[in-house]
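J.: this is a predicted model, with the sequence first.
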Amino acid sequence: MKYVVLLGDGMSDQAVAALDGKTPLQAAKTPNMDFMARRGKLGLAHTVPEGYPPGSDVANLSMFGYDPVQCYTGRSPLEAASMGVELGPDDVAFRVNLVHLEARGGKLIMEDYSAGHITTEDGRELIEELQRQLGDEEFSFHPGVSYRHLMVWHNGKSQIKATPPHDITGQDIISHMPSGEGSDRLIYIMNSAQMIFHNHPQMKRRSAKGEIAANSIWLWGQGKAPAMEEFGPKFGLTGAVISAVDLIKGIGVYAGLDIINVPGATGYLDTNFDGKAQAAIEALKERDFVFVHVEAPDEASHSGKLADKIKAIELFDEKVVGPVLEGVKKYGEYRILCAPDHPTPIALMTHTSDPVPFVIYAGEKDEKPEVAGYDESSAAATKLKVDPGYKLMELLLGR
C-alpha cells in the first residue's frame with residue numbers, strides 16, 4: 001500500500017463577492033480534486049486546536065499526524081532543523097523575514113512582508129551582512145530561501161509576543177512590535193538591521209531596477225527545539241517530504257523522513273509544480289509514504305491577489321494532483337489525502353482556525369452524484385468531521 005498527502009497550503013477560503021459568492025476553490029477549475037471528492041471520503045478537519053494560533057506550523061503538524069498540543073514549541077525551531085542549524089537546550093530560534101516598510105502619514109507601514117519576494121541570492125547577501133555586523137556569541141544569523149531566514153538567540157528569551165508580518169500587511173507596525181521580557185534586544189536588532197540595509201549596495205541596486213528593496217527585518221515565530229517521535233516508529237512507514245518551505249522540511253527532519261529537494265521549487269506561483277509531482281511518484285518506488293506541499297495558494301492569499309490564488313489552485317490540481325493520481329496507480333493499492341492545512345481568506349490576507357475540506361481517495365469508481373466537487377460547502381454537507389485534526393492521518397492509513 002502506498003500513501004500520499006497532497007497539500008495545497010491555504011487553499012480554503014470564504015465566499016468572495018467578486019466571484020458571485022463562490023470561494024476560490026469553487027471558482028477554480030479543479031477536475032482532479034473534484035473527481036476524488038465525488039468518489040472518495042470527503043469531509044472537514046479541525047487542524048488547529050482551540051487556543052493555538054492558526055499558523056502553518058500548528059496546522060501542518062496536524063497534517064503529519066502529530067498532536068500540536070503535545071509537541072508544538074514554535075515555528076522557527078522547525079525551520080532551523082531544515083536548515084541544518086542545531087539548537088542547544090536554551091537556544092531560541094526566530095524566523096527572520098526580509099520586509100519592506102513604507103513611511104506614510106507619520107506611520108511606518110508593513111508594505112511587503114516578503115520584500116517583493118526577494119531572490120534567495122539577494123536574501124543571502126543581506127543575512128550574511130547581518131552576521132558580519134551583528135553576529136556574536138549571543139545572536140547568530142543563518143540564510144534561508146527568498147525572504148525566509150533564521151536568527152538564533154543563544155540562551156535567549158522565548159516568552160515574547162511577536163506578530164507574523166503577513167498578518168499586518170498595510171498596517172502601522174508600531175503597535176505590533178515584539179513585546180515581553182527581552183523584547184528590547186529584538187527591537188535593537190531590528191533597528192540595527194534597518195541602518196545596515198540603508199547603507200548596503202543592494203538597496204541602490206534593487207531600487208535602480210525598480211525592484212522593492214528589503215529595508216528591514218521582522219522577527220517572529222520563536223521557540224525552542226521540540227521533542228517529536230519519528231514517523232517510522234509512530235506509523236510503521238518509510239516516507240519522504242517534498243516542499244520548498246523550510247517549515248515543512250523541518251517537520252520532516254524531526255519526523256525522521258527523507259527530504260527531497262526539487263530544483264526550481266520556490267514556494268510561489270512560479271514553483272516547479274511538475275517537478276514536485278514527478279519527484280513524489282519516484283519517491284514511492286522505495287518508500288511507503290510521501291508528503292507533497294505546495295505553498296503558492298497561501299502566498300497569493302497573503303498578498304490579497306485573488307486571480308493568483310485561483311491560478312495557484314488550478315496549477316496544483318493540473319500539475320500535481322492529476323499526475324500523482326495517475327502515476328500512483330502503477331504501485332497497486334494506494335490512498336491519497338488532499339487538503340489544505342488551514343484557510344487563508346483573501347479578504348483577511350491571513351490564516352483562520354476554521355476547519356478545512358479534505359478528501360481521501362483510494363481508487364473508488366462509484367460516483368456520488370450528490371457531491372458537487374471538492375470545496376468547502378460540499379465537504380461540510382457530508383457531515384464527516386475529524387476533530388482533532390491530527391487523527392486525519394489515522395483515517396488516511398485506515399486505522
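T.: Alright, I've got the coordinates.
J.: CA atoms for contacts and neighbours, from now on please.
T.: Noted.
J.: any idea which element residue 43 lies in?
T.: Assigned by DSSP states H and E, residue 43 belongs to strand 41-45.
J.: outside of that strand, which residues touch it?
T.: 355-361, 378-389, 392 (C-alpha atoms under 8 Å, 6 or more residues apart in numbering).
J.: swap in stretch 168-184?
T.: By C-alpha under 8 Å, 6+ apart, the list of residues contacting stretch 168-184 reads 107-113, 156-157, 159-163, 186-187, 219-220.
J.: any idea how far it is from the middle of the chain?
T.: 22 Å (C-alpha atoms, centre = their mean, to the nearest Å).
J.: pull out the buried residues from it.
T.: Residues of stretch 168-184 classed as buried by neighbour count (16 or more other C-alpha atoms under 10 Å): 168, 169, 171, 172, 173, 177, 178, 179, 183.
J.: report the two of the residues you listed separated the most.
T.: Greatest spacing in those, by C-alpha to C-alpha: 169 and 183 (21.4 Å).
J.: alpha carbons of stretch 98-114, in PDB - could you do that?
T.: The C-alpha coordinates for stretch 98-114 follow below in PDB (Å, rounded to 0.1, in the frame of the first residue of the first chain):
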ATOM      1  CA  LEU A  98      13.200  40.400   5.000                       C
ATOM      2  CA  VAL A  99      10.500  43.100   4.600                       C
ATOM      3  CA  HIS A 100       9.800  46.400   3.000                       C
ATOM      4  CA  LEU A 101       8.500  49.200   5.300                       C
ATOM      5  CA  GLU A 102       7.000  52.400   4.000                       C
ATOM      6  CA  ALA A 103       6.600  55.700   5.800                       C
ATOM      7  CA  ARG A 104       3.200  57.200   5.200                       C
ATOM      8  CA  GLY A 105       1.300  59.900   7.100                       C
ATOM      9  CA  GLY A 106       3.600  59.700  10.100                       C
ATOM     10  CA  LYS A 107       3.300  56.000  10.300                       C
ATOM     11  CA  LEU A 108       5.600  53.100   9.400                       C
ATOM     12  CA  ILE A 109       3.600  50.600   7.300                       C
ATOM     13  CA  MET A 110       4.300  47.000   6.600                       C
ATOM     14  CA  GLU A 111       4.200  47.400   2.900                       C
ATOM     15  CA  ASP A 112       5.600  43.900   1.800                       C
ATOM     16  CA  TYR A 113       6.200  41.000   4.200                       C
ATOM     17  CA  SER A 114       8.500  39.400   1.600                       C
END
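J.: residue 62 versus the residue nearest to the spatial centre of the chain, what's the distance?
T.: In the chain, the centroid-proximal residue (C-alpha atoms, centre = their mean) is residue 56; its distance is 4.9 Å. Relative to residue 62, residue 56 is positioned 10 Å away (C-alpha to C-alpha, to the nearest Å).
J.: what's the answer for residue 194, then?
T.: Counting by C-alpha to C-alpha, the gap from residue 194 to residue 62 is 37 Å.
J.: which of those two has more neighbours?
T.: More crowded of residue 194 and residue 62, by other C-alpha atoms under 10 Å: residue 62, with 25 against 16.
J.: and the one helix or strand the more buried one maps to, C-alpha only, in PDB?
T.: Taking DSSP H and E as the criterion, residue 62 maps to helix 56-63. Extracted in PDB, the C-alpha atoms of helix 56-63 (Å, rounded to 0.1, in the frame of the first residue of the first chain):
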ATOM      1  CA  SER A  56       1.200  26.700   9.100                       C
ATOM      2  CA  ASP A  57       3.400  25.200  11.800                       C
ATOM      3  CA  VAL A  58       0.500  24.100  14.100                       C
ATOM      4  CA  ALA A  59      -1.700  23.100  11.200                       C
ATOM      5  CA  ASN A  60       0.900  21.100   9.300                       C
ATOM      6  CA  LEU A  61       2.000  19.200  12.500                       C
ATOM      7  CA  SER A  62      -1.700  18.000  12.500                       C
ATOM      8  CA  MET A  63      -1.500  17.100   8.800                       C
END
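J.: buried residues in the following helix or strand past that helix, which are they?
T.: Next in sequence after helix 56-63, counting helices and strands by DSSP H and E, comes helix 68-71. If you call a residue buried by 16+ other C-alpha under 10 Å, then helix 68-71 has these buried ones: residue 68.
J.: many thanks, we can stop here.
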